[in-house]
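Asks: Based on what follows, work out the 3D shape:
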Amino acid sequence: MDEIKPYKKTLAVFILVAFLFGFVGGFLGNIVASDFLISWERLKSRTLQEKEEPTYSAQTSQEEAIISTFKEVSPSVVSIIISKDLPIFEEYYLNPFEGFEEFFGEDPFEFLIPQRRQKGVERKEVGGGTGFVVSSDGMILTNRHVVADQNAEYTVLTNDGKRFSARVLARDPFQDIALIKIEEADGLVPVRLSDSDKLEIGQTVIAIGNVLGEFRNSVSVGVISGLGRTITASGGGAVETLEDVIQTDAAINQGNSGGPLLNLKGEVVGINTAMVLGAQNIGFAIPVNKAKRSIEQVKNFGKITYPFLGVRYILINDVVQKENNLPFNYGALLISNQGQPAITPGSSAQNARLQEGDIILELSGEKVTTDNSLAKILTKYNPGDKVSLKVFRDDQEMTIEATLGERNE
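Replies: Modelled structure (predicted):
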């Protein structure tokens, strides 16, 4: 065998090294290229996902429910703008010596008296509130105090920025509830109404409203702090006692009046109506079950009416029972008050021959108590309805039938 010469050995080693470098370089290149392609595909996929999905995902089921509720209900919540013609005044100056130049010369004292006079009127926004759609034909529920001024004009501003002139359909004479209507509004989605009798203290609720008349569809979250509250609310020069209202710590600010209080299912449980000034998040809402009756009455009769029995009474409790030596610690004791008779002349009660001193124990099978007053039970009926009264008189119980009249404001 011939001996390999030195230069041939060097060439062989060079070729072998070059082959090894080429093989390793190609192998590593394929790996790098593969990783680059995979990373590029991942980057493109992530970019597409960011375009298709929201940038934030709810962290808890409660948070998810709040976000979902707002998205569902906010298109049905509207701002109500109150406008009114207000006088325009201008200032001018009166010269008290005008006309007496021949005696005093040309205004010797240079004395002018400032005066004001009206110069026409100007349409201005004087307030605002909130409402929410309760029927697809444009019926909107709000507070009575939001639309109380009969000389004002009302404009509804929807969530998508459209404006509609609104007319007042009905103002509830005894509840802080009113219904208004807008015309020619397409695509209105009414809210879903819950059963407010099934509310529980501690239940999470959401308030949506037109805060300060400026920040539309603002959201606050809290819980139901109390049920069956009685409060005295004031505003706009009026003072009103509201019974059986919901207390919540969900922030209710000026302008929230008339907006919905919602559960986590997106159902309305109340109508936001009042707040306590100087307190930390103490607000009140009217249970939606009271509004259901008003909505149906406006749809059927074009107005809101209340039944009238025509009695004055005090609710019996342990103290009243003891003071009057009564056989029951519940019921309504018919009694005159401040010169007013216990039985209103010409009323349903007089026609049914009720008498002063009678105790109404039940109305159509529903027990009368301090928590379930006669007035509260009566709101479940309409004028013209026939009711059955369980009455205690002269040491015996009897049943009396009565046909309810209509209560006037």
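Asks: Give me the mean pLDDT for stretch 359-375.
Replies: Average pLDDT, stretch 359-375: 92.
Asks: Name the residues of it that are buried.
Replies: 359, 360, 361, 362, 363, 368, 369, 372, 373, 374, 375 (16 or more other CB atoms under 10 Å). Glycine gets a C-beta too; all of them are placed from N, C-alpha and C.
Asks: Out of those residues, which comes closest to residue 158?
Replies: residue 375 (37.1 Å; CB to CB).
Asks: residue contacts, the closest one?
Replies: If a contact means CB atoms under 8 Å, 6 or more residues apart in numbering, then residue 375 has no contacts.
Asks: Sticking with it, tell me its helix or strand.
Replies: Counting by DSSP states H and E, the element that carries residue 375 is helix 374-378.
Asks: For that helix, output the C-alpha coordinates as PDB.
Replies: C-alpha atoms of helix 374-378 as PDB (Å, rounded to 0.1, in the frame of the first residue of the first chain):
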ATOM      1  CA  LEU A 374    -104.200  47.200  56.000                       C
ATOM      2  CA  ALA A 375    -102.900  49.900  53.600                       C
ATOM      3  CA  LYS A 376    -100.200  47.600  52.300                       C
ATOM      4  CA  ILE A 377    -102.700  44.800  51.700                       C
ATOM      5  CA  LEU A 378    -105.100  47.100  49.900                       C
END
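Asks: Mind checking what helix or strand follows that helix in sequence?
Replies: Taking DSSP H and E, what comes next after helix 374-378 is strand 386-393.
Asks: For that next one, which residues meet the burial criterion?
Replies: 387, 389, 390, 391, 392.
Asks: And the buried residues of stretch 359-375, which is closest to residue 216?
Replies: residue 375 (36.8 Å).
Asks: Quick check: the gap between that closest one and residue 78.
Replies: 32 Å (CB to CB, to the nearest Å).
Asks: before we move on, back to that, possible to save the buried residues of stretch 359-375 as CSV with distance to residue 177?
Replies: Shown next, in CSV, are the buried residues of stretch 359-375 (distance: CB to CB, whole Å):
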residue, distance to residue 177
359, 32
360, 27
361, 30
362, 28
363, 23
368, 24
369, 25
372, 21
373, 19
374, 21
375, 16
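Asks: can you put the residues you listed in TSV and add secondary structure and distance to residue 72?
Replies: Listed next are the buried residues of stretch 359-375 as TSV, based on DSSP: H, G, I helix; E, B strand; the rest coil; distance: CB to CB, whole Å:
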residue	secondary structure	distance to residue 72
359	strand	49
360	strand	44
361	strand	45
362	strand	42
363	strand	39
368	coil	40
369	coil	38
372	coil	34
373	coil	36
374	helix	39
375	helix	36
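Asks: for the most centrally placed residue in the chain, what are its contacts?
Replies: Centroid-nearest residue in the chain: residue 259, 2.2 Å away (criterion: CA atoms, centre = their mean). By CB under 8 Å, 6+ apart, residue 259 lies in contact with 77, 129, 130, 131, 132, 207, 208, 209, 210, 271, 272.
Asks: Three-state assignment for the residue lying closest to the second one once chain neighbours are set aside, please.
Replies: What sits nearest to residue 129 in space, not counting adjacent residues and going by CB to CB, 6 or more residues apart in numbering, is residue 146, at 3.4 Å. When the structure is split into helix, strand and coil by DSSP: H, G, I helix; E, B strand; the rest coil, residue 146 lands in helix.
Asks: No further questions, thank you.
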